[in-house]
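[1] need the 3D shape of this:
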Amino acid sequence: MTSRPLLLALAGIATFAVTVPAWVVSHPPRIEPARARPAALARLRQHVVAPTELPPVEPIKFVDLPADEARAFNATVPFSTAPNPPARPFRFLGKPEERARATDCLAAAVVYEAGDDAVGERAVAQVILNRLRHPAFPKTVCGVVFEGAERTTGCQFTFTCDHALTRWTPNEAAWRRAREVAAAALAGSVYKPVGYATHYHTDWVVPYWQASLDKITAVHTHLFFRWSGWWGTPPAFNRSQSGAEPTITELAVLSDAHRTGAALAEADAALGEAAIASLAAAVVGTPSNAGPDADGFVAVLDARAPSDTFRATAEQTCGDRPHCKFLGWVSAQQVPKSADAVTPDQMNFMSFSYLRDRASGFEKALYNCRQFKRADPRDCMKQQVALTIPPVAGTGTKNDGAVPAAGGQARVPEDLPGVRRRTPAPAPSPSSLATPQT
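    So this is what the prediction gives:
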């Protein structure tokens, strides 16, 4: 006979065997439907640029994805297994004021892109210097940092075109640390983990350019990339720094170097406007280029105008001409009909000359320093020498001071205004007249 406890146990087992499967069937687990992969991600295809073709520098444009989906996608992209050699040390070559501008451009980039984090800042600095060495990018530090900043979607570093410079300013300590990172990078410090990376982005976005680059490392939440193929190898980074570091007006709030540069740029612009205005102030009437020499101008100068305005007037008058001659007199009676019809007397009383010949790299302005004092004697025209020849016996004529040429005609000096001869003509006694020299 079966005992009561055993019967109870069997009843419990039977009940469990019936109720549990019934509950499982009535409460199935919730299965999330598979999310379709965004079409934009499906369109991402790797494109390896041939060594004979310069890779394009694409503007910032992201796939439209929520942050969590972007992170998930980025996690599926494997890191490159190819070697990741460190970049060669970069050492800035340039004038002290250019180094100061480069330092502050680089400092602004690292602090706005990475925040006040030394490791992240060093990584960003390395990418910028890698770009400078790559032929696809500008040739200066500031040029690399602010490339495309004039376009809201064309900039390469978002802080340069999203008004971050006007919304936030690092405190003094953070700015000092950023400048230290920048100065070290410009003096040869290398952040080895990012190798020759030229691109990076945070892991919660997916830029369209990502498919054409190799993912090589991660620093915090930033992923670093280099171009696939030859353009991502060390031989591609064969360019050296060249060109003057530009002044970035937007950095004036942070940088003394760019504040001074901005002020100088404004002053230069003002001087340029003043030079244009001086065309009316320094010249009486309009410069004339009558005659066969269309690149030669003659003008009446205002004797009351500052002599420094004469060159600005000449340059404005000559415009873009590769060869140009501008001659000026303060006396209207001495002005010739054209620049190619100057007599010796007119040359003697010339007040100013400007000669330009870009083919030979020559450009010179000279002044009659008896009329206009100049601090540098090299700005002065050479004194004209007058030769006095005694009259020839029996002719009954009086020599007028010119050297007779063959046939009895007075020989006109062959010297052009503004050109110095290697061997000056012998001079018994200098006169008070002036003629240009270089």
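[2] C-alpha only now, for contacts and for neighbours.
    Will do.
[3] contacts only, for residue 224.
    194, 197-201, 215-218 (CA atoms under 8 Å, 6 or more residues apart in numbering).
[4] just residue 359 next, same as before
    Taking CA under 8 Å, 6+ apart, one finds 322-323 in contact with residue 359.
[5] how close does it get to residue 321?
    As judged by CA to CA, to the nearest Å, residue 359 and residue 321 stand 11 Å apart.
[6] cool, residue 223 as well?
    52 Å.
[7] the more surrounded of those two?
    Higher neighbour count among residue 223 and residue 321: residue 223, with 19 against 13, using other CA atoms under 10 Å.
[8] and that one, what element?
    In the assignment (DSSP states H and E), residue 223 maps to strand 222-227.
[9] so what are the sheet partners of that strand and their directions?
    Neighbouring strands of strand 222-227 in its sheet, by DSSP bridges, are strand 199-202 (antiparallel), strand 213-219 (antiparallel).
[10] which other residues reach the longest one?
    Okay, so that is strand 213-219. With CA under 8 Å, 6+ apart, strand 213-219 has contacts from 46, 77-80, 84, 119-120, 123, 193-194, 197, 223-228.
[11] now do the buried residues in that strand.
    Residues 213-218 are the ones in strand 213-219 that count as buried (16 or more other CA atoms under 10 Å).
[12] now do stretch 140-147
    140-147.
[13] please apply the same query to stretch 361-378.
    364-369, 374.
[14] quick check: closest non-adjacent residue to residue 339.
    residue 296 (5.2 Å; CA to CA, 6 or more residues apart in numbering).
[15] could you give the bridge partners of the one you found?
    residue 325.
[16] how much space between it and residue 368?
    19 Å.
[17] and what of residue 233?
    Counting by CA to CA - residue 233 and residue 368 are separated by 61 Å.
[18] quick one: the helices in the stretch 301-438 of the chain?
    308-318, 344-348 (DSSP state H, counting those that start in this stretch).
[19] go on, the stretch 101-250 of the chain?
    Going by DSSP H, counting those that start in this stretch, the stretch 101-250 of the chain shows helices at 118-133, 141-145, 164-167, 172-186.
[20] output these in a markdown table; the columns should cover distance to residue 344.
    Below are the helices of the stretch 101-250 of the chain laid out as a markdown table (distance: least, CA to CA, whole Å):
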| stretch | distance to residue 344 |
| --- | --- |
| helix 118-133 | 56 |
| helix 141-145 | 52 |
| helix 164-167 | 62 |
| helix 172-186 | 58 |
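[21] mean pLDDT lowest for which of those helices?
    Lowest mean pLDDT of the helices of the stretch 101-250 of the chain: helix 164-167, a mean of 88.
[22] picking up where we left off before, quick check, pLDDT for the residue nearest to residue 339.
    So residue 296 comes in at 89 (pLDDT).
[23] over to residue 84?
    Residue 84 is given a pLDDT of 96.
[24] that one reaches residue 197, doesn't it?
    No: the pair residue 84 / residue 197 is not scored as a contact, 9.2 Å apart, by CA atoms under 8 Å.
[25] higher neighbour count, these two?
    Under the criterion of other CA under 10 Å, the comparison of residue 84 against residue 197 puts residue 197 first, with 30 against 18.
[26] distance of the spatially closest residue to that one that is not a sequence neighbour relative to residue 128?
    Closest residue to residue 197 apart from its sequence neighbours, by CA to CA, 6+ apart: residue 226 at 4.4 Å. Look at residue 226 and residue 128: by CA to CA, they are 12 Å apart.
[27] return every residue with contacts to both of those two.
    residue 198.
[28] which parts of stretch 295-306 are buried?
    So for stretch 295-306, counting by 16+ other CA under 10 Å, buried means 295-303.
[29] show me the two of those residues that sit farthest apart.
    Greatest spatial distance among those (CA to CA): 295 and 303, at 24.3 Å.
[30] which residues touch residue 170?
    residue 111.
[31] can you give me the end-to-end distance of stretch 358-375?
    Using CA to CA, the end-to-end distance of stretch 358-375 comes out at 26 Å.
[32] any idea of the mean pLDDT in it?
    So the average pLDDT for stretch 358-375 ends up being 90.
[33] ok, now stretch 243-251?
    89.
[34] buried set for that stretch?
    Buried residues in stretch 243-251 (16+ other CA under 10 Å): 244-248, 251.
[35] got the contact list for that stretch?
    Against stretch 243-251 from outside (CA under 8 Å, 6+ apart): 94, 98-99, 101-102, 105, 139-143, 165, 258-259, 261-262, 265.
[36] and these, which are buried?
    Among these, the ones that count as buried (16+ other CA under 10 Å) are 98-99, 101-102, 105, 139-143, 165, 258-259, 261-262.
[37] what is the nearest of these to residue 112?
    Taking these together and measuring to residue 112 by CA to CA, the closest member is residue 165, at 8.4 Å.
[38] apart from its chain neighbours, what residue comes closest to that closest one?
    Per CA to CA, 6+ apart, closest to residue 165 is residue 159, 6.8 Å.
[39] list the contacts of that neighbour.
    So residue 159 contacts 109, 112-113, 165 (CA under 8 Å, 6+ apart).
[40] show me where pLDDT drops low in the chain?
    Counting by pLDDT under 70, the low-confidence segments of the chain come to 1-12, 14-18, 20-47, 150-154, 261-286, 289-293, 383-438.
[41] using CSV, write out every CA atom in stretch 340-355.
    Taking Å, rounded to 0.1, in the frame of the first residue of the first chain, the C-alpha atoms of stretch 340-355 are listed here in CSV:
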residue,chain,number,x,y,z
ASP,A,340,59.9,107.4,-72.9
ALA,A,341,60.6,111.0,-73.9
VAL,A,342,62.5,112.3,-70.8
THR,A,343,65.2,114.8,-71.6
PRO,A,344,68.4,115.2,-69.6
ASP,A,345,67.1,118.4,-68.0
GLN,A,346,63.8,116.8,-67.0
MET,A,347,65.7,113.8,-65.6
ASN,A,348,67.8,116.2,-63.5
PHE,A,349,64.7,117.7,-61.9
MET,A,350,62.8,114.5,-61.4
SER,A,351,61.3,114.2,-57.9
PHE,A,352,60.5,110.5,-57.8
SER,A,353,60.9,107.3,-59.8
TYR,A,354,59.5,103.8,-59.5
LEU,A,355,60.7,101.0,-61.7
